[in-house]
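[1] Next comes the sequence, and after it the predicted model I'd like to discuss.
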Amino acid sequence: MSVKKVDLTHLRPYGDQMDDGAVQLSFTLPIPDGPRGREAARQMANSMGLSEVQVVFSQDLKENFTFFVVYGHLEKYADYTSIKAIGVEAPKMDMEQVNDYISKYVKRPVVVIGATIGTDAHTVGLDSILNMKGFHGDSGLERYKMFKVHNLGSQVSPTDLAKKIRETKADIVLISQIVTQRNIHIKNMTKLVDILEAEGLRKSVLLIAGGPRITHELAVELGYDAGFGAGSMPSEVASYIASEMAKRALSSSKER
Amino acid sequence: MSVKKVDLTHLRPYGDQMDDGAVQLSFTLPIPDGPRGREAARQMANSMGLSEVQVVFSQDLKENFTFFVVYGHLEKYADYTSIKAIGVEAPKMDMEQVNDYISKYVKRPVVVIGATIGTDAHTVGLDSILNMKGFHGDSGLERYKMFKVHNLGSQVSPTDLAKKIRETKADIVLISQIVTQRNIHIKNMTKLVDILEAEGLRKSVLLIAGGPRITHELAVELGYDAGFGAGSMPSEVASYIASEMAKRALSSSKER
Amino acid sequence: MNDKPTLKLNQDLVRKAREFAKEVTDGVQKFINARSTTSVERTVARLYGVDGISESGVPLSNVVVSDVEKANGLNRGIAYWIANGCVAKQVSPQELAEAVGRKEFSLIDLPPQKESVVAEKIDEMTGKALSYVRKIRDERDEMLKALGDPPQPYLYVIVATGNIYEDALQAKAAAKEGADVIAVIRSTAQSLLDFVPYGPTTEGYGGTYATQENFKIMRKALDEAAQEVGRYVRLTNYASGLCMPEISAMGALEGLDFLLNDSMYGILFRNINMLRTFVDQYTSRLVCAYSHITINTGEDNYIKTSDPISRAHTVTTSQLINEQFALKSHMKPEYMGIGHAFEIDPDVENGLLYEIAHALLTRELFPRATPKYMPPTRHMTGDIFKGYAMNTLYNLVSIMTGQSIQLLGMLTEAIHTPFLQDRYLAIENAKYVFNNAKALGKEIEFKDDGFIQKRANEVLENAVELLEHVKKVGLMSAIEEGTFGDISRKKEEGKGADGVFVKGEDYYNPLFETMESELEGEEK
Amino acid sequence: MNDKPTLKLNQDLVRKAREFAKEVTDGVQKFINARSTTSVERTVARLYGVDGISESGVPLSNVVVSDVEKANGLNRGIAYWIANGCVAKQVSPQELAEAVGRKEFSLIDLPPQKESVVAEKIDEMTGKALSYVRKIRDERDEMLKALGDPPQPYLYVIVATGNIYEDALQAKAAAKEGADVIAVIRSTAQSLLDFVPYGPTTEGYGGTYATQENFKIMRKALDEAAQEVGRYVRLTNYASGLCMPEISAMGALEGLDFLLNDSMYGILFRNINMLRTFVDQYTSRLVCAYSHITINTGEDNYIKTSDPISRAHTVTTSQLINEQFALKSHMKPEYMGIGHAFEIDPDVENGLLYEIAHALLTRELFPRATPKYMPPTRHMTGDIFKGYAMNTLYNLVSIMTGQSIQLLGMLTEAIHTPFLQDRYLAIENAKYVFNNAKALGKEIEFKDDGFIQKRANEVLENAVELLEHVKKVGLMSAIEEGTFGDISRKKEEGKGADGVFVKGEDYYNPLFETMESELEGEEK
Ligand code: B12
Ligand code: B12
Ligand SMILES: Cc1ncc(COP(=O)(O)O)c(C=O)c1O
Ligand SMILES: Cc1ncc(COP(=O)(O)O)c(C=O)c1O
């Protein structure tokens, strides 16, 4: 069959045939609409490595701005084979399996504390993970008999959080960050890690961040153990916690 | 007022503030959905010069394809000041002005011939320019008393066109190309120029191409006098013809 | 009919419209009955088993028909010549055609065989051909029944890569996303070829050639996908053009479900000769009717070149004509995918109300048919977002008015043939709207004598008036007048005129005669 | 009311619903009448002309109110203290406040002046304040009349760059694209500040602070744009929060047209103390009523945290409560932007029918109000195309059901605050749908006892039941029970509780009393 096969070391976008590199773009430029503007848009797309650029739409947005829709063919490629899975790695378990797993390896309920930090008032995401009700039919951590959950709600400051961690003897700290404008989430997340380290709490807990713009990679980069993005399921988080807690329990029992 | 002003030598996209470089992208990659796929999408966007890339959506398209919507901030820029207007340059005239202008400078009706060449069967675009009815309330060339129009319709071969040019003593040749898949328009347009040159007709006519994917730049590159893109108005074409014909009339009268 | 609001159409007008349309087509049918075409004869050859191409690349069905035509024997019908040749040479039709292809002999030159033996041969070939067609048809019907017919409107998408293997891959992905119907768009200008290309296509322009091999490849891919998703997936191609009946036969042989098949499209949009098209469409539809292939008519095209509001009644007029021609080919209404389209300029005030009125008019006028609704195309621009919004309203009108076949609009309509992602987004849009507004049609009524009811009745009235005129001048003259799509075609002109001939006294074509009589039997 | 289909609401239920809602708010109003808050007093100070900040950055309205509060003098009302001080020091309120800001003296320590002179001073200040507010109001009313009120639904978009100058630029562009209303979103968590920031903002998070200077800058920009486009352009900001009445006063002074102003939003979504919010909202709305500022209520928020279908009646319940509170503030219905939202999961079968029923219920229940319809947000994802389709149907429901104020959905809702191009696309979508479906509401009817009529009556019935319960337990206990938005707040808890105080016997506040009596006069 004569369909070109994908070359994973030279991965390129696919429009309607392999390696055509087709990409759709839209952006606004602070210049007036017209042939010169469209040429600028074309050059902008060229600068991104696109060839055979088509400026298929331009629209005056008033006040000297123009909106463009552009298609082109990307000459660049990525090496997919060199990308290692950078998501959270954990076996997928359901509620019962998680409970059994914790009973077997950790041998006591795991204490979970959750909060939205900074001035972030969005609670729906965190609640989806923690509340009984859960998310899209997947029960939240409160419903797991081997989790003891403290949901601190929103707008919690790092120092208050640290205090509560001590008070509750938390094993797991879950924080949520939804607002990301001007990278406020990065500032908030960094500050929390700094304070936990200063207070000597960082090592004793599993520190997990979540939110629609959070990736595991970003979380790890900022000193967290894991990160969960858009559409995360409570059972995924639970599975990860169970398997990490088990690992820690095993390694500490070996150390002894 | 503290709004950053545009630097036209370093033109960058504008999302919600000057020079934020914000760009929206969408593309498909021939790989499965998942963290690794999203990372590949991110790297793809990085390769285009985007920073702070957000893969905001990924969707399994089945058969090992995944669709991505991505936002990022372009670090590249274009120098707007170095872009010369590359559109068709002609004063904008209305029907009466065009007629007067031709009467005054050319002193006889201008003969226009139009056709869609190759296997292209799309006539609506060409008809919008030529037919009485015109386009969006702007009358077509047939309604101008100083144009004598021959509309040959669609799927005309270059040799037939050349024959008709001779027969009608055409001053202006308008060709339309709508289908561009696999660059068939470029092949068709190049072939026409070759044949007109071979037949010694190229210099004696004003050769104009049009179509939604035609730009003036492309047309000129392929040896045409002008190109008209999406949304062109008959009066724009008429103005261009009038001013070019006047220029030619003037320069040839000077030569004499 | 209770699942959508009603237009309270003037039933007198409805009756008149049908009556006039019938009279209009009666006039043309007389011409049709007396004639055949090279393409009709090639269809016979194909159904008798003539396949493949000659060394110089000419399809063998063309080879045998030209062979007879050149010697002026075609007015007897190709059936006789093939049978005579098979008896004379003691070979199969395919072997016979191959030999003619190798120029070993001409069919005309073979000695006439004993009449009763030839007649027997013809009957045998006819029986075999028809039973094969019925077998394929029944297999499809059974598969459809086994997997279940998906709810209407069917999600219909196109593939158009120019490479049948790439098409098949993309079609499978689409089926898995939820597409119910896949159409393989033909390569540019195939309708003007007076033969059907052969073999698998890997490079086409703006589409992929309609070839029997391509049909087979695609059918297989869709059947695989259908089994995987547990939902029947329909396959579509294009019949209209110079090979209209042949492509229908290929569709019958390869188990296609739908064919674009309009009684006038070729004339208007491809400048094919009128008589040629009328004669061809008859046989083409007869084959479709026999094979349970749903035809899709092409009225959407009219309002691509003429105004969708002021010329709306030309769509209705043509739909009625297409219906009558289809009935003449013994087609059941449920196989009539009567065409119409959502093409009004999005800037028109209350454009949506016009669209609703027009779409519902089609639905109500053809209650047993399976209307094929076409998306916005001519007012789609490079503004893919606006286009996506237009497609949303288009889908809404469809579910609200109970359309049957929904050709999904592509947000990139103005730019390129669909990317994989464009198709996904189209399916997503339709699934969203169809589910979210599922019972809307059941829920609403239009004000009596309101804009929509009035508008629909007005269009119908204009159609009746136009039909009355067409009846008077005759359909062919009406086409000369530019009635449809603002396009005028002359009776004597157009491609393929030379392929039309008057049947001789001894013309014999049991294949189509049997189809006719079997279908007539079913009608009773 | 003839431009949209009807729900045939059970008028008995409608009457009962209003009656119960009135009784519910009557219960709360008793608490309100006996109390004032620091924020109410700061509002008085502002209207008397106290502006600017102290050297340490504290707004002078806070300075004077804290000054009196610390000395336990606030239960007399700030009006007296300011007047007494002005008379004592022979200065203007502003000069007085500046002096207090410089800690030159405390208002409490100034010797009490002759009662009649102080009373005269108060009357003078009150007269001046009110006549200025009326002047601004009348200017706006005249400009609106001169330029013409655009047709409803108004196209309402937000700006949220964090830089007021950038906001102004983008707002102008939006107005020129067709926006009728511009809202400047506040910086994250401003509602929790117990003071109003001062001066122009150039760096906010998720929005730009509501400051008087920002109001001024934006008003000027919009008035310029309005003159250019020959269409009145409305300006919106947010009142709800700890400074609810102060921001209303700022709106009155700077000629804002709309303010987000809900009687319970602060309690539920910002954990502000109940009594604080109830007392504040009363004055806040009084000022709005007097200044012809349309309030926008916040019921949309409930179905962001609770289910839009099963909890639909909590929206209705709250709307009725908001209405009654507004009436108590002497607000005319035409200034009530009753809130609701298109938030049902797009995957719900017949979700659109629910949305239509809910939207029309709001419209029909408040026939003289100007409903504010909010777009899909919680089910918006990074799939901007799907989001654009959802916004298309949202716009369709709005034009079909005759909404007044349409906050346009952004295709990037799930991603970032709007880019310039996102706003353009939102306006384009609304303009397309509103024009294309202009008369749809006039054209359709819903089946009697069909899904939509039944659904609307069911929601109303549930609301009546809930109101009956709320009446029984009292609104504050109902909030404790988590009635709205699935959020429970305790009576004694919440921010700003310490700012509430019981008015003393000698409490005097002619400013609001005059507003009340003038508005009462108009009501007759
Ligand atoms: C609901 C909502 C609100 C509600 C919040 C109610 C509440 N109690 O939560 C209200 C109306 C109060 C609100 C207010 C504001 N909002 Co808001 N809001 C939203 C909205 C519409 C939906 C968010 C939501 O509930 N999603 C559903 C949940 C289930 O999804 P999720 O949060 O992604 O959570 C999932 C995963 O991310 C993950 N997850 C999340 N947290 C965690 C934590 C852990 C530990 C784990 C493991 C996983 C996890 O698991 C969840 C389940 O899969 C979004 C737009 C959108 N569609 O996303 C805007 C949005 C988030 N809001 C926004 C803004 C700007 C605001 C305001 C700042 C606006 C203003 N200036 O007033 C205010 C202020 C809020 C503040 N101080 O923080 C922006 C943020 C822009 C940005 N990227 O920075 C958004 C994107 C809207 C927009 N386009 O402008 N908002
Ligand atoms: C109408 C239409 C048809 C009609 C044509 C009817 C007719 N007689 O013209 C029919 C149905 C026949 C048709 C058929 C096909 N079409 Co077609 N068609 C369109 C459609 C929907 C609209 C085109 C149109 O009329 N636009 C309106 C006119 C006014 O705009 P315009 O052409 O851009 O013209 C303006 C300017 O470009 C300019 N201009 C144009 N020509 C000239 C010439 C001169 C000299 C000047 C000065 C200016 C000028 O001025 C005009 C006014 O502003 C487009 C999609 C779209 N929305 O654009 C697809 C489209 C052009 N078709 C397409 C295809 C692939 C086909 C087919 C090949 C499909 C197939 N395989 O069967 C066939 C075959 C046609 C063939 N052999 O060429 C593709 C082309 C893809 C590509 N870029 O290559 C499109 C984009 C659709 C798609 N997304 O797949 N089509
Ligand atoms: C009825 C009908 N037949 C056939 C076609 C396509 O045929 P062609 O290959 O001529 O483009 C169309 C195109 O839209 C059509 O509407
Ligand atoms: C009624 C009402 N007031 C105020 C706000 C915003 O206030 P804050 O600044 O608290 O986000 C909203 C937000 O959606 C609202 O609905």
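    Arrived safely, thanks for sending. Ligands and ions are numbered 1, 2, ... in the order given.

[2] C-alpha only now, for contacts and for neighbours.
    Fine.

[3] hmm, stretch C:237-251 touching ligand 2?
    No - contact of stretch C:237-251 with ligand 2 (C-alpha under 6 Å from any ligand atom) is absent, the minimum separation being 8.9 Å.

[4] model confidence over that stretch, on average?
    On average, the pLDDT along stretch C:237-251 is 97.

[5] next one: it to chain centre, how far?
    8 Å (C-alpha atoms, centre = their mean, to the nearest Å).

[6] ok, is that stretch in contact with ligand 3 or not?
    Yes - contact of stretch C:237-251 with ligand 3 (C-alpha under 6 Å from any ligand atom) involves C:Tyr238, C:Ser240, C:Gly241.

[7] count of residues packed around the second one?
    Residue crowding around C:Ser240 was assessed by other C-alpha atoms under 10 Å in any protein chain shown; the count is 30.

[8] which SS class is it?
    Here C:Ser240 is recorded as coil under DSSP: H, G, I helix; E, B strand; the rest coil.

[9] ok, now which ones touch it?
    Applying C-alpha atoms under 8 Å, 6 or more residues apart in numbering or on different chains, we find C:Ser240 in contact with C:Ser191, C:Leu260, C:Asn261, C:Asp262, C:Tyr265, C:Gly266, C:Gln281.

[10] try the last one
    Residues in contact with C:Gly241, defined by C-alpha under 8 Å, 6+ apart, are C:Gln190, C:Ser191, C:Leu192, C:Leu193, C:Gly266, C:Arg270, C:Ile272, C:Thr277.

[11] Most neighbours among these, please name it.
    Neighbour counts for the contacts of C:Gly241 (other C-alpha under 10 Å) peak at C:Thr277, which has 31 neighbours.

[12] domains of chain A?
    A:8-80, A:95-255 (automatic domain parsing).

[13] State the mean pLDDT of the helix ranked longest in chain C.
    Using DSSP state H, we find that the single longest helix of chain C is helix C:115-147. Helix C:115-147 carries an average pLDDT of 97.

[14] separation between the residue of the stretch 201-350 of chain C found nearest ligand 3 and chain A?
    Per C-alpha to the nearest ligand atom, C:Gly298 is where the stretch 201-350 of chain C lies closest to ligand 3, at 3.7 Å. Applying C-alpha to the nearest C-alpha, to the nearest Å, the value for C:Gly298 to chain A is 26 Å.

[15] State the pLDDT value of that residue.
    Confidence score, pLDDT, at C:Gly298: 97.

[16] The residue of chain A positioned farthest from its centre and A:Val69, how far apart?
    Distance from the centre of chain A peaks at A:Pro35, with 40.9 Å (C-alpha atoms, centre = their mean). From A:Pro35 over to A:Val69 the distance is 14 Å, taken as C-alpha to C-alpha, to the nearest Å.

[17] just to revisit the earlier point, which residue packs closest to the residue farthest from the centre of chain A, ignoring adjacent ones?
    Counting by C-alpha to C-alpha, 6 or more residues apart in numbering or on different chains, A:Pro35 lies nearest to B:Gly87, which is 5.3 Å off, once chain neighbours are set aside.

[18] for that neighbour, phi and psi?
    phi -80, psi 180 (degrees, to the nearest 10).

[19] residues contacting it?
    Applying C-alpha under 8 Å, 6+ apart, we find B:Gly87 in contact with A:Pro35, A:Arg36, B:Thr215, B:His216, B:Glu217.

[20] ok, now C:Arg76?
    C:Lys503, C:Gly504, C:Glu505, C:Asp506, C:Tyr507, C:Tyr508 are the contacts of C:Arg76 under C-alpha under 8 Å, 6+ apart.

[21] Flag every residue of chain C that's near chain B.
    For chain C, the residues in contact with chain B (C-alpha under 8 Å from any C-alpha of the partner chain) are C:169, C:172-174, C:176-177, C:188-189, C:205-206, C:305, C:416, C:420-421, C:424.

[22] try the stretch 151-256 of chain A
    Taking C-alpha under 8 Å from any C-alpha as the contact definition, the stretch 151-256 of chain A meets chain B at A:Arg213.

[23] Strands along the stretch 151-256 of chain A, start to end?
    Ranges of strands within the stretch 151-256 of chain A are A:172-176, A:206-210, A:226-228, based on DSSP state E, counting those that start in this stretch.

[24] picking that back up, most neighbours among the contacts of C:Ser240, please name it.
    Counting neighbours by other C-alpha under 10 Å, C:Asp262 leads these with 32 neighbours.

[25] give the contact list for residue 119.
    Unless you meant another one, I'm taking chain A. A:Ser154, A:Gln155, A:Val156, D:Thr188, D:Ala189.

[26] oops, chain C please
    Here C:Ala119 is in contact with C:Ala83 (criterion: C-alpha under 8 Å, 6+ apart).

[27] swap in C:Arg140?
    C:Arg140 neighbours (C-alpha under 8 Å, 6+ apart): C:Gly255.

[28] Is any residue of stretch A:50-67 near chain B?
    Yes - using C-alpha under 8 Å from any C-alpha, stretch A:50-67 reaches chain B at A:Gln54, A:Val56.

[29] Identify each buried residue in that stretch, please.
    Residues A:50-51, A:53-63, A:65-67 are the ones in stretch A:50-67 that count as buried (16 or more other C-alpha atoms under 10 Å in any protein chain shown).

[30] of all these, which two lie farthest apart?
    Largest separation among the buried residues of stretch A:50-67 by C-alpha to C-alpha: A:Ser51 and A:Glu63, giving 30.1 Å.

[31] tell me which element the residue of chain C found nearest ligand 1 is part of?
    Of all residues in chain C, C:Tyr432 sits closest to ligand 1, at 17.4 Å by C-alpha to the nearest ligand atom. Assessed by DSSP states H and E, C:Tyr432 sits inside helix C:420-436.

[32] Residue of the stretch 1-150 of chain A nearest chain D, please.
    Nearest residue of the stretch 1-150 of chain A to chain D: A:Lys62, at 5.1 Å (C-alpha to the nearest C-alpha).

[33] Quick check: nearest residue in space to that residue, chain neighbours excluded?
    Nearest residue to A:Lys62 in three dimensions, chain neighbours excluded: D:Ala173, at 5.1 Å (C-alpha to C-alpha, 6+ apart).

[34] looking at it, that neighbour is touching A:Leu61, isn't it?
    Yes - at 6.5 Å, D:Ala173 counts as touching A:Leu61 under the criterion of C-alpha atoms under 8 Å.

[35] just to revisit the earlier point, any chance of the contacts of C:Arg76 in JSON lines with neighbour count, secondary structure and distance to C:Lys442 as columns?
    As requested, those are exported to JSON lines (neighbours: other C-alpha atoms under 10 Å in any protein chain shown; DSSP: H, G, I helix; E, B strand; the rest coil; distance: C-alpha to C-alpha, whole Å):
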{"residue": "C:Lys503", "neighbour count": "17", "secondary structure": "coil", "distance to C:Lys442": "52"}
{"residue": "C:Gly504", "neighbour count": "15", "secondary structure": "coil", "distance to C:Lys442": "55"}
{"residue": "C:Glu505", "neighbour count": "8", "secondary structure": "coil", "distance to C:Lys442": "56"}
{"residue": "C:Asp506", "neighbour count": "10", "secondary structure": "coil", "distance to C:Lys442": "57"}
{"residue": "C:Tyr507", "neighbour count": "18", "secondary structure": "coil", "distance to C:Lys442": "54"}
{"residue": "C:Tyr508", "neighbour count": "17", "secondary structure": "coil", "distance to C:Lys442": "52"}
